[in-house]
Structures are given as C-alpha cells and as structure tokens.
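S.K.: this is the structure alone, sequence omitted:
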C-alpha cells in the first residue's frame with residue numbers, strides 16, 4: 001500500500017481521590033471528561049518531474065608548489081638498526097658504509113622524500129665532499 005489511516009477515540013479527564021475521609025468513600029471520582037476522535041492518515045506516495053539537468057565542468061587549475069622545510073629536518077649519522085639515535089665518535093676505514101638518517105622535528109608534519117644536497121665534512125683540514133648535489137649522487 002501507499003499509506004493508510006487509523007481512527008481512535010481518546011478520553012481525557014481530571015480525577016481526584018477523597019483522602020480527607022469526608023464520608024464519600026475512597027473511590028476515584030471523575031470531575032470532567034472529554035471524548036476526542038483522533039484520525040491519523042499517512043500518505044507514502046509522492047511524485048515529481050525533472051525537466052532538465054545541466055552540468056558544466058569548471059576549469060581545472062594546476063599549480064606546482066615547492067616549499068623548503070629544511071628548517072624542520074635534522075640529518076645525522078646513525079646505525080641502520082637504530083635510525084632515531086645519532087652515532088658520534090665512530091671511526092671509519094676506507095670502504096666502510098656510513099648510514100645517514102633524517103628526522104622531522106615538527107611533530108610529524110614533514111616527510112622526507114629525497115635528499116637534495118649532502119655535503120660530507122672531513123676533519124683534519126680536508127676539503128668538503130659533495131656526496132649529493134641537486135639530487136644527483138656523486
């Protein structure tokens with residue numbers, strides 16, 4: 001079905017109980033009452049027509065945005081098994097691998113995607129070594 005109706009009779013009234021023992025028995029007395037007929041109908045059908053639908057595609061804007069987050073990134077020498085703890089004072093021999101780690105100091109906002117520049121500073125008067133320059137590995 002697409003709806004229906006119901007009809008009920010509702011009686012509303014005021015009542016009181018004689019609790020003062022005035023000889024009127026303890027019966028509940030109706031003071032005033034009213035009968036109401038309540039008719040509820042529900043229609044579950046509806047109709048509508050669509051005349052026309054128009055869709056217009058807006059122009060897409062594309063923008064390349066490069067932002068320097070280097071102030072939030074800290075690079076340091078580390079062990080591969082412990083990437084969050086810096087290593088200091090380790091002595092290397094020729095051919096040894098050095099593990100370089102990078103971490104975000106901004107509360108998890110920045111993620112390191114690639115290293116752009118990496119300069120190795122050699123002590124004892126040797127010149128610096130550009131290991132990565134403009135994302136190119138040497």
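M.R.: Cool, got the structure. Since we're looking at a predicted model, the values are computed, not measured.

S.K.: only C-alpha atoms from now on, for both contacts and neighbour counts.
M.R.: OK.

S.K.: correct me if wrong: residue 14 contacts residue 34.
M.R.: No. In this structure, residue 14 is not within contact of residue 34 by C-alpha atoms under 8 Å, at 9.6 Å.

S.K.: how deep is residue 130 tucked in, by neighbour count?
M.R.: 15 (other C-alpha atoms under 10 Å).

S.K.: for the protein, what spans make up the strands?
M.R.: Assigned strands in the chain, in chain order: 3-17, 28-43, 73-79, 82-86, 99-104, 118-120, 129-133, 136-137 (criterion: DSSP state E).

S.K.: got the buried residues for the first one?
M.R.: If you call a residue buried by 16 or more other C-alpha atoms under 10 Å, then strand 3-17 has no buried ones at all.

S.K.: with mean pLDDT added, can I get the strands of the chain in TSV?
M.R.: Rendered in TSV, the data for those read as follows (pLDDT from 0 to 100):
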stretch	mean pLDDT
strand 3-17	79
strand 28-43	77
strand 73-79	85
strand 82-86	83
strand 99-104	84
strand 118-120	81
strand 129-133	83
strand 136-137	81
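
S.K.: any idea how far residue 121 is from residue 65?
M.R.: Distance, residue 65 to residue 121, by C-alpha to C-alpha, to the nearest Å: 31 Å.

S.K.: isn't residue 32 right up against residue 13?
M.R.: Yes. Between residue 32 and residue 13 there is a contact under C-alpha under 8 Å: 5.4 Å.
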